[in-house]
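Participant: Next input, structure requested:
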Amino acid sequence: MNAAKRAPVRTTLLISPPSGLFGITTILSSKRFSRGLRDAGDVMIIHGTEDQFTSKSTFEALARDGQVRCRAVQGADHFFRDELAVDGLVQLIVHWLSGEA
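Facilitator: Purely as a prediction, here's the structure:
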């Protein structure tokens, strides 16, 4: 299939994307990311409320702009290290895949 004729993206799920790490600009804070959201279909970001790398306000700003839906896993850090965090993450992913999110 020719790259110019590839099927459009219908959905995008991002899990704990970092907005900045050690002062390095990452994809969430780039203009390219914002432009790319227009072609990313239905976008949802899942993050933990205790994420060490991206503030809750960063995710809230994206959701407020109407570009993405954000769901938070209570008590989860960036890596979803504890069992309850993993359970919450899996539950949100299952809901997303089933079209319920």
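
Participant: Which helix in the protein has the most residues?
Facilitator: With secondary structure taken from DSSP state H, the chain has its longest helix at helix 83-97.

Participant: Buried residues in that one, which are they?
Facilitator: Judged by neighbour count (16 or more other C-beta atoms under 10 Å), helix 83-97 contains these buried residues: Ala85, Gly88, Leu89, Leu92, Ile93, Trp96. Where you see a C-beta, it was placed from the backbone N, CA and C, and this is true even at glycine.

Participant: Out of these, which comes closest to Ser55?
Facilitator: Ala85 (17.7 Å; C-beta to C-beta).

Participant: State the pLDDT value of the closest residue to that closest one other than its chain neighbours.
Facilitator: The spatially closest residue to Ala85, leaving aside those adjacent along the chain, is Ala76, at 3.5 Å (C-beta to C-beta, 6 or more residues apart in numbering). For Ala76, the model assigns a pLDDT of 96.

Participant: Confirm for me that Ala76 is in contact with Glu50.
Facilitator: Yes - using C-beta atoms under 8 Å, Ala76 makes contact with Glu50 at a distance of 6.3 Å.

Participant: Does the most centrally placed residue in the chain lie in a helix or a strand, and which?
Facilitator: The C-alpha lying nearest the average C-alpha coordinate of the chain belongs to Ile45 (C-alpha atoms, centre = their mean; 2.3 Å). If you go by DSSP states H and E, Ile45 is part of strand 42-48.

Participant: and the next element down the chain from that strand?
Facilitator: Scanning the chain past strand 42-48 towards its C-terminal end, the next helix or strand to appear is helix 56-64 (assignment: DSSP H and E).

Participant: Flag every buried residue along that following helix.
Facilitator: Neighbour-count burial for helix 56-64, counted by 16+ other C-beta under 10 Å, picks out Thr58, Phe59, Leu62, Ala63.

Participant: residue ranges with poor pLDDT in this structure?
Facilitator: Low-confidence segments of the chain (pLDDT under 70): 1-4, 6, 9, 20-39, 101.

Participant: Please consider this matter closed, and thank you.
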